[in-house]
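Chemist: Any chance you could fold what I've pasted below:
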Amino acid sequence: MNHSVVSPLILGNIRTSAKRLKRILPKKSHTELLDIASYLVTGADSYRDVRMAASKILNKRPITDKNQGPILLEMSEEGRSLTYGQQLEIEPTFKRGDWYFYPSERALVFEGEFSPYVLSVDKFKGPVELLDFVLQIQKKKWDKNQTKNTTVSPTYQVDEFIGLMDDLCRYYFDNSVQGVFCPHSTPKNVTWPSELVKHKKGSE
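Modeler: Below is the predicted model of the structure:
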């Protein structure tokens, strides 16, 4: 992995790995464990290097102008200056906050990061997968001082994500997200339509 690209999710994985390493390396300090975990997860020499890489990319995030929108002049370490939709020349059908849904790619995309965070809607096969993801992103946060004057969101906008999932459930299943994933408090497996690009039956 190129450790010049570090998101809050990766930082969280490093911290979790360090805690697990404590069980097999009890004599190591927390700092040493973070360094070991950083190397295992990203290949970086130390946790400090990983943190610096994250801050370095944040500083290159395009600044938002309230009148003109995002000013996409500066590139990230990976040369990114376009959103996921702009890269593929496609439009989202649903949007909540910085969360977008692109049916042609079956993709849920979070644009509040320094690069698009993309996952497939098919990942959510039931309430367990949905809850697991929500619990992951609710604790992944940037320091607000790091995101000041950038388009990076300090959080992964859990409410917006759930709202977007509710929009998709109502559109494709004619039911709320709770009604689709856990009707009457009963967990239910979910199979997303094979053709998400097309409108649901009855739509023009």
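Chemist: CA only for contacts and neighbour counts going forward, please
Modeler: OK.
Chemist: Against Leu130, how distant is the spatially most central residue of the chain?
Modeler: By CA atoms, centre = their mean, the chain has its centre lying nearest to Tyr117, at 4.4 Å. Using CA to CA, to the nearest Å, Tyr117 is found at 16 Å from Leu130.
Chemist: and if you look at Pro183?
Modeler: Note on Pro183: its distance to Leu130, by CA to CA, is 14 Å.
Chemist: same thing with Gly43?
Modeler: 30 Å.
Chemist: follow-up on the earlier one: what's around the closest residue to the residue nearest to the centre of the chain other than its chain neighbours, how many residues?
Modeler: Excluding the flanking residues, the one nearest Tyr117 by CA to CA, 6 or more residues apart in numbering is Phe110, at 5.0 Å. Around Phe110 there are 25 other residues, counting by other CA atoms under 10 Å.
Chemist: What strand or helix carries the nearest residue to Lys123 once chain neighbours are set aside?
Modeler: Once flanking residues are discounted, Lys123 sits nearest to Glu129: 7.2 Å by CA to CA, 6+ apart. Assigning secondary structure by DSSP states H and E places Glu129 in helix 127-138.
Chemist: what packs against that helix?
Modeler: For helix 127-138, the packing partners by 3 or more CA pairs under 8 Å, 6 or more residues apart in numbering; DSSP states H and E come out as helix 158-173.
Chemist: So which bits of the helix it packs on are buried?
Modeler: By neighbour count with 16 or more other CA atoms under 10 Å, helix 158-173 contains the buried residues Val158, Glu160, Phe161, Ile162, Gly163, Leu164, Met165, Asp166, Asp167, Leu168, Cys169, Phe173.
Chemist: Contact partners for the last one?
Modeler: So the one you mean is Phe173. Phe173 is in contact with Val180, counting by CA atoms under 8 Å, 6 or more residues apart in numbering.
Chemist: so what's Val190 closest to, chain neighbours aside?
Modeler: The shortest distance from Val190 to any non-neighbouring residue, by CA to CA, 6+ apart, is to Lys125 (4.8 Å).
Chemist: quick check: domain ranges of the protein?
Modeler: Recorded structural domains for the chain (assignment: automatic domain parsing) are 1-60, 83-194.
Chemist: pLDDT wise, what is the residue nearest to Val190 at?
Modeler: pLDDT for Lys125: 95.
Chemist: From Asn13, how far out is Leu33?
Modeler: 13 Å.
Chemist: Show me which of those two is the more surrounded one.
Modeler: Leu33 (24 against 15).
Chemist: Just confirm that one contacts Thr16, I think it does.
Modeler: No - here Leu33 lies out of contact with Thr16, judged by CA atoms under 8 Å, at a distance of 10.3 Å.
Chemist: List phi and psi for Tyr102.
Modeler: The phi and psi values for Tyr102, taken as degrees, to the nearest 10, are phi -110, psi 100.
Chemist: taking the mean pLDDT, what do you get for stretch 160-172?
Modeler: For stretch 160-172, mean pLDDT rounds to 96.
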